[in-house]
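Enquirer: Need coordinates for the following:
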Amino acid sequence: MKLATKRNGTRDGSLVLVSKDLSVITDASAVAPTLQAALDRWSAVRPQLEALAARLEGREVPTAPFDAAALHAPLPRAYEWVDGSAYLNHVRLVRKARKADPPPTLESDPLVYQGGSGHLLGPTDDIVIRDEAWGCDFESEVAVVLGDVPMGVKAADARPYVCLVMLANDVSLRNLIPDELAKGFGFFQGKPATAFSPVAVTPDELGEAWRDGRVHLTVETWLNGVRVGNTLAGPEMHFSFFQLVEHLAKTRQFCAGTILGSGTVSNEDRSRGISCLAERRVIETIDTGAPKTAFLRAGDRVEIDMAGPDGKSVCGRIDQKVRKFD
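Expert: Take a look at the predicted model:
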């Protein structure tokens, strides 16, 4: 089942279902007015949505063309947005760029941060930057939307709490981050609004690609029309989403609608390319002594997508332009 949020002039939009081929949508607000409302009653609402989705596939309901620009993020605002850093190659490279050692517990204790969730970007919303000197970067990620997660849940029991899968562009302002982290209190200004794919899908839509709490598909990234990343999301995700859920729930519960990110998808095989410019810059530094690639500038375009086993987009494409704040 594929779900999205249509822009309708309100803050939270209205819930729609999307056909498997991403060609048409149908209104689902009679079942639940918003995606958050559906998640709040997921066990009761899901069968009704699945029945409507089946009718959509048979074109037995009114439809409208799928248009990513007419959609918000699946959750235009969320109770929480928690991002992990489960790809250790990325952690090691970025820490190396900052001339900082990885934590000694890198392989045993997940890294997470809590981002801003009150304003989330839709798949075609601009990345607005006030100052290019702040080092704006994209980060291509996989994310999941959680149901109500009890405190103390273990990874082995976490599968039922992962309701939806989608893509994220976790925008970073790289040149602000080192000074923030030096204070010992974490990210804030260095992490502006995050963008999400137009569609969120139930894990069963992924078939065998959804296993062991990981999405075993390829995340592709384009910069100004040139593919810069073709990264494998499954094999090098050191901590699975189930393990990340256990980590989050160690000391508190989480409510339905919490978004959990994988962190930047990253592979040791350089031929796979990048999911963020910081990795390219640190590789350039390793190879030549200095970075050559600039961070994002006004006018740049970032696209992120993920194809299923059939070669077709699973969640639709994030397609954003960088715009100077005015």
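
Enquirer: ok, Cys315 - how many residues close by?
Expert: Residues lying near Cys315 (other C-beta atoms under 10 Å) number 30. C-beta: built from backbone N, CA, C; applies to glycine.

Enquirer: Tell me where this structure has helices.
Expert: Taking DSSP state H, the helices of the chain run over residues 35-40, 42-57, 88-97, 177-182, 241-248, 277-288.

Enquirer: and the ones you listed, which one is worst for confidence?
Expert: Looking at the helices of the chain, the lowest mean pLDDT belongs to helix 88-97 (a mean of 84).

Enquirer: okay if I get the helices of the chain as a markdown table plus distance to Leu75 and mean neighbour count?
Expert: What follows is the helices of the chain, written out as a markdown table (distance: least, C-beta to C-beta, whole Å; neighbours: other C-beta atoms under 10 Å):
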| stretch | distance to Leu75 | mean neighbour count |
| --- | --- | --- |
| helix 35-40 | 6 | 22 |
| helix 42-57 | 13 | 15 |
| helix 88-97 | 25 | 19 |
| helix 177-182 | 25 | 14 |
| helix 241-248 | 17 | 24 |
| helix 277-288 | 26 | 18 |
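
Enquirer: With respect to Ala233, which of those helices lies nearest?
Expert: For the helices of the chain, distance to Ala233 was read as C-beta to C-beta. The smallest value, 10.9 Å, belongs to helix 241-248.

Enquirer: pLDDT at Leu111, what is it?
Expert: Note on Leu111: pLDDT of 92.

Enquirer: Excluding chain neighbours, what is closest to it?
Expert: Nearest residue to Leu111 in three dimensions, chain neighbours excluded: Ser85, at 4.2 Å (C-beta to C-beta, 6 or more residues apart in numbering).

Enquirer: can you list the residues that contact stretch 149-158?
Expert: Applying C-beta atoms under 8 Å, 6 or more residues apart in numbering, the contact partners of stretch 149-158 are 161, 213, 240-243, 245-246, 248-255, 258.

Enquirer: follow-up on the earlier one: burial of the residue nearest to Leu111, as a residue count?
Expert: The number of residues packed near Ser85 is 23, by other C-beta under 10 Å.

Enquirer: What spatial separation is found between it and Phe187?
Expert: For Ser85, the distance to Phe187 equals 11 Å [C-beta to C-beta, to the nearest Å].

Enquirer: Let me know whether His216 touches Pro235 as I believe.
Expert: Yes - using C-beta atoms under 8 Å, His216 makes contact with Pro235 at a distance of 7.5 Å.

Enquirer: And the residue lying closest to Leu88 once chain neighbours are set aside, its phi and psi?
Expert: What sits nearest to Leu88 in space, not counting adjacent residues and going by C-beta to C-beta, 6+ apart, is His238, at 4.9 Å. Backbone torsions for His238, taken as degrees, to the nearest 10, come to phi -60, psi -50.

Enquirer: Hmm, Leu260 and the residue nearest to Leu111 touching each other?
Expert: No - counting by C-beta under 8 Å, Ser85 does not reach Leu260; the two are 12.0 Å apart.

Enquirer: was I right about Asn230 contacting Gly273?
Expert: Yes - with contact defined as C-beta under 8 Å, Asn230 counts as touching Gly273 (5.4 Å).

Enquirer: show me the contacts for the residue lying closest to Ala32 once chain neighbours are set aside.
Expert: Spatial nearest neighbour of Ala32, chain neighbours left out: Ala38 (3.7 Å); criterion: C-beta to C-beta, 6+ apart. Each residue near Ala38 by C-beta under 8 Å, 6+ apart is listed here: 3, 15, 28, 31-32, 45-46, 49.

Enquirer: can you redo those residues as TSV with distance to Asp148?
Expert: TSV is the format used below for the contacts of Ala38 (distance: C-beta to C-beta, whole Å):
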residue	distance to Asp148
Leu3	18
Leu15	19
Ala28	21
Val31	19
Ala32	16
Val45	13
Arg46	14
Leu49	18
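
Enquirer: just those residues now: which is nearest Arg59?
Expert: Distance to Arg59 across these (C-beta to C-beta) is lowest for Ala28, with 15.4 Å.

Enquirer: Near Glu107, how many other residues are there?
Expert: For Glu107, the count of nearby residues is 12 (other C-beta under 10 Å).

Enquirer: Against Arg92, how distant is it?
Expert: 11 Å.

Enquirer: The helix or strand of the chain with the lowest mean pLDDT packs against which elements?
Expert: None of the helices or strands of the chain scores lower by mean pLDDT, DSSP states H and E than helix 88-97, at a mean of 84. Packing partners of helix 88-97 (3 or more C-beta pairs under 8 Å, 6 or more residues apart in numbering; DSSP states H and E): helix 277-288.

Enquirer: what is the orientation angle of the helix it packs on with helix 88-97?
Expert: Interaxial angle, helix 277-288 versus helix 88-97 (axes from the mean of the first three to the mean of the last three C-alpha atoms, to 10 degrees): 60 degrees.
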